[in-house]
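**Q** coords please:
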Amino acid sequence: MAIAAGLLGGLFLAGSWWDGPAPGATDPGQVVGWGLPVARAVAVAAATLTFGWLLTATLLVPQGRRGVLSRIGRQDAKRAGWAALVWWVSATATMLFNHAMMVGLPLRDALDPGVLGAYLFAVDTNTAFFVASVCGAVIAIATPWVSRTGPTMALLGVAAIGLAAPAVTGHSHGLGDHGLAIAAGLVHALGAAAWLGTLVAAAWHVLRRDPGQRTLIPRFSALVTVCLIALGLSGAGSAYARVEQPIDLFTTGYGWLVLVKIVVLVTLAFVAIAARRSVASSSGGARSLRFWRWLVVEGVLLGIAMGAAVALTRTPNTRIPVPLASPGEELLGFDFPPDPTLASVLGGWHPDPFWLLVCGLALGGYIWGVVTVRRRGVHWPWGRTVSWIIGVAILCWATNGLIAAYSIVSLSLHMLQHMVLAMLVPVFLVMGAPITLALRAFRPSRSGDRGPREWILWALHSPVARVITNPFFVLAITVLSLYGLYFTELFPTLMSDHLGHLAMQIHFVASGYLFYWVIIGVDPTFRPVPYWLKMIILLLSLALHGFFGVAIMMMSEPLAQSWYGLVQPPWLIDPLQDTYTAGGIAWALGELPTLIVMVALSIQWARSDDRAAKRFDRAADRDGDAELKAYNARLAKLAEREADRTGGDRSR
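**A** Numbers count the residues shown, from 1 in each chain. Got it, this is the predicted structure:
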């Protein structure tokens, strides 16, 4: 009800009621005009409940032994399944209504197979809700069969993908600040869903007086604190990306809705603080009653905010696109970077909020881990800390420096960024041993539930870890995927979309990290890989990288001209020479780090043999060389048997 009130009130306040098509546009009818925001609001509510019930079942309520869901957690998972069923249907309806709105036809005509096949996935929003629909279907089908926290956590990840897909698409992502809009939309959607979804689940358990409230209430309070901070920061970033100037907040329908969300968020902050103080000062049944009352207030406010957020998707923002000098710059959304020099490539600034957030969390989390273990008197090598800091610094440069802008318009500079992300950054990150640090920093859970340390151990021993740490798998995704990416239309397709470009960068870093984690990493893996197999994998990688670079240098036509031909800056005169240079960079920067790693691996191998020899020597000193004596005794017995057999043969 609160979401519906927020939606209807937001549509009224912003003047976004459906009152017919825009002048000159075809009329899809009132069914589509009203059905779209209603179906989207239902999809948002169902997705929120799905995410909240799964999050509660996995992390908030007490768990059973050895990763088994408790009875309460099992019931929460089933409720998530029912919510996911509604999400599945409503997300599909939203996709179809939006399709009808885009083609400007009544729903019956828009569902004609010819129209549906030609235009359904021509709009990013339709694709996003298709992804959400599939995620809802997967959760609805899988939840009746899950009984452990591990699979439930996996379904929570599926729900996060379904929530994120619509959040990172929309009418404001095509502006110059689309990177900020995407990052803010992602954090905002997940933060709001986590807060409201778990709030509903917590209110349900408190009202029913289910066991485990002493565990649920403090965990929920900690989660609310994180969500409040995330919503505040992401809301500010989202408003900055969509509002042209501050005065628009007071003079436009979009700005009024933003102000409503700001007022609601500030009120929520005070309500959350007052609720925690009130609950902390009470006990027993009075505590549960007060907590439940405050949850109702929080739920109403959050529902209004989410309804207003849906209304925002139906309201034009105030950001005015600034005309750029050329069609290529219009396609990029920013001016061409200047003629590349050593100073401009190494310096400059082209920030990406997503990667800034990733780098900040990676650096802050690692430093917290180092400080934590050192306070406990546990030694942590400074070399690992320095290695991690260098890796994060290079990652920040490669994704937020001017090289990030150059990589979009020049294949050679894209290849430079690629090789840095895939071949250089992972080496330093892997040598930082973040998994080992996390296992030492997080204390074992005392409640019997899985805490952060137990979840890390679970992930290390999961079936997924068994696959992704297989040496031949990491070779395939690290090296062989290069051929499938660059020698097909997949590469220009990903380059033409910010999300596709972001996914490609994530793949470079993640695949490189997996590769070096298996080859040289000091962190534990699912299975130890013998050094001779590591050396074979490295040699194969060396050869395949070399062939890849040479293949690009031997091309007779520029690579990926379907994208780079559209965004070619004035200073890039010869695209074929740029392709040749890209091949040379791929060859050189692919070979050099591999050779360095090969030398390091050889040293590790030699040291491993030395350590094994020392272990054997210490064992021999302890037991008087019993193993060697036993071996010599076996040889003596064999010699005696052979002598007896030979002597017997001669006597005959």
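**Q** C-alpha only now, for contacts and for neighbours.
**A** Will do.
**Q** what about the stretch 151-300 of the chain, any weak spots by pLDDT?
**A** 170-179, 244, 275-294 (pLDDT under 70).
**Q** hey, where'd the helices end up in it?
**A** All helices of the stretch 151-300 of the chain, identified by DSSP state H, counting those that start in this stretch, fall at 178-208, 213-242, 248-251, 253-280, 284-313.
**Q** closest to residue 424 out of these?
**A** helix 178-208 (24.5 Å; C-alpha to C-alpha).
**Q** other SSEs contacting the closest one?
**A** When contacts are defined as 3 or more C-alpha pairs under 8 Å, 6 or more residues apart in numbering; DSSP states H and E, helix 178-208 sits against helix 30-55, helix 149-167, helix 213-242, helix 284-313, helix 353-375.
**Q** highest mean neighbour count out of those?
**A** helix 30-55 (a mean of 24; mean count of other C-alpha atoms under 10 Å).
**Q** need the next SSE after that one, C-terminal direction.
**A** helix 71-103 (DSSP states H and E).
**Q** quick one: buried residues of that next one?
**A** 72-74, 76-103 (16 or more other C-alpha atoms under 10 Å).
**Q** pipe the helices of the stretch 151-300 of the chain into CSV and attach distance to residue 29 per row.
**A** As requested, the helices of the stretch 151-300 of the chain are exported to CSV (distance: least, C-alpha to C-alpha, whole Å):
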stretch, distance to residue 29
helix 178-208, 30
helix 213-242, 29
helix 248-251, 30
helix 253-280, 24
helix 284-313, 19
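**Q** closest one to residue 343 among those helices?
**A** helix 178-208 (24.8 Å).
**Q** tell me what angle that closest one forms with helix 30-55.
**A** 70 degrees (axes from the mean of the first three to the mean of the last three C-alpha atoms, to 10 degrees).
**Q** just want the angle from helix 178-208 to helix 353-375.
**A** 60 degrees.
**Q** enumerate the positions of helix 178-208 that are buried.
**A** 178-203, 205-206.
**Q** over to stretch 253-273?
**A** In stretch 253-273, counting by 16+ other C-alpha under 10 Å, buried: 253-258, 260-262, 264-265, 268-269, 271-272.
**Q** so what pLDDT did residue 14 get?
**A** Looking at residue 14, its pLDDT stands at 46.
**Q** can you check residue 585 too?
**A** Reported pLDDT for residue 585: 91.
**Q** my read is that it contacts residue 416, right?
**A** Yes - taking C-alpha atoms under 8 Å as the definition, residue 585 is a contact partner of residue 416 at 6.4 Å.
**Q** would you verify that residue 563 is located in a strand?
**A** No - read with DSSP: H, G, I helix; E, B strand; the rest coil, residue 563 is helix and lies in no strand.
**Q** need the contact list for it.
**A** For residue 563, the contact set (C-alpha atoms under 8 Å, 6 or more residues apart in numbering) comprises 492-493, 495-496.
**Q** of the residues you listed, closest to residue 38?
**A** Closest to residue 38, out of all of the contacts of residue 563 and judged by C-alpha to C-alpha, is residue 496, at 32.1 Å.
**Q** against residue 558, how distant is that closest one?
**A** Residue 496 sits 17 Å away from residue 558, going by C-alpha to C-alpha, to the nearest Å.
**Q** residue 114 now?
**A** From residue 114 to residue 558 the distance is 36 Å (C-alpha to C-alpha).
**Q** ok, the two, which is more surrounded?
**A** residue 558 (19 against 11; other C-alpha atoms under 10 Å).
**Q** that one reaches residue 576, doesn't it?
**A** Yes - using C-alpha under 8 Å, residue 558 is in contact with residue 576, at 4.6 Å.
**Q** of all the helices and strands packed on helix 178-208, which one comes closest to residue 462?
**A** Nearest of the helices and strands packed on helix 178-208 (C-alpha to C-alpha): helix 149-167, 8.5 Å.
**Q** now that closest one against helix 30-55, angle please.
**A** Using the same axes, to 10 degrees: helix 149-167 against helix 30-55 is 150 degrees.
**Q** helices and strands around helix 149-167, which ones?
**A** helix 30-55, helix 124-142, helix 178-208.
**Q** give the buried residues for the second one.
**A** In other words, helix 124-142. Result for helix 124-142 [16+ other C-alpha under 10 Å]: buried residues 124-140, 142.
**Q** can you show me the CA trace of it as CSV?
**A** Extracted in CSV, the C-alpha atoms of helix 124-142 (Å, rounded to 0.1, in the frame of the first residue of the first chain):
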residue,chain,number,x,y,z
ASP,A,124,17.6,-1.7,-23.2
THR,A,125,14.7,-1.5,-20.6
ASN,A,126,13.0,-4.4,-22.2
THR,A,127,16.2,-6.5,-22.1
ALA,A,128,16.6,-5.5,-18.4
PHE,A,129,13.2,-6.6,-17.4
PHE,A,130,13.7,-9.8,-19.4
VAL,A,131,16.7,-10.5,-17.2
ALA,A,132,14.7,-9.7,-14.1
SER,A,133,11.9,-12.1,-15.3
VAL,A,134,14.4,-14.9,-15.8
CYS,A,135,15.9,-14.3,-12.4
GLY,A,136,12.5,-14.4,-10.8
ALA,A,137,11.7,-17.6,-12.6
VAL,A,138,14.9,-19.3,-11.5
ILE,A,139,14.3,-18.3,-7.9
ALA,A,140,10.7,-19.4,-7.9
ILE,A,141,11.6,-22.8,-9.4
ALA,A,142,14.6,-23.4,-7.2
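**Q** what's it packed up against?
**A** Checking 3+ C-alpha pairs under 8 Å, 6+ apart, helix 124-142 ends up next to helix 71-103, helix 149-167.
**Q** can you put the ones you listed in CSV and add distance to residue 375?
**A** Shown next, in CSV, are the helices and strands packed on helix 124-142 (distance: least, C-alpha to C-alpha, whole Å):
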stretch, distance to residue 375
helix 71-103, 36
helix 149-167, 32
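**Q** and those helices: which comes nearest residue 61?
**A** Closest among those, using C-alpha to C-alpha: helix 71-103, at 6.5 Å.
**Q** show me which helix or strand of this structure is least confident by mean pLDDT.
**A** Within the chain, no helix or strand scores below helix 2-14, which has a mean of 49 by mean pLDDT, DSSP states H and E.
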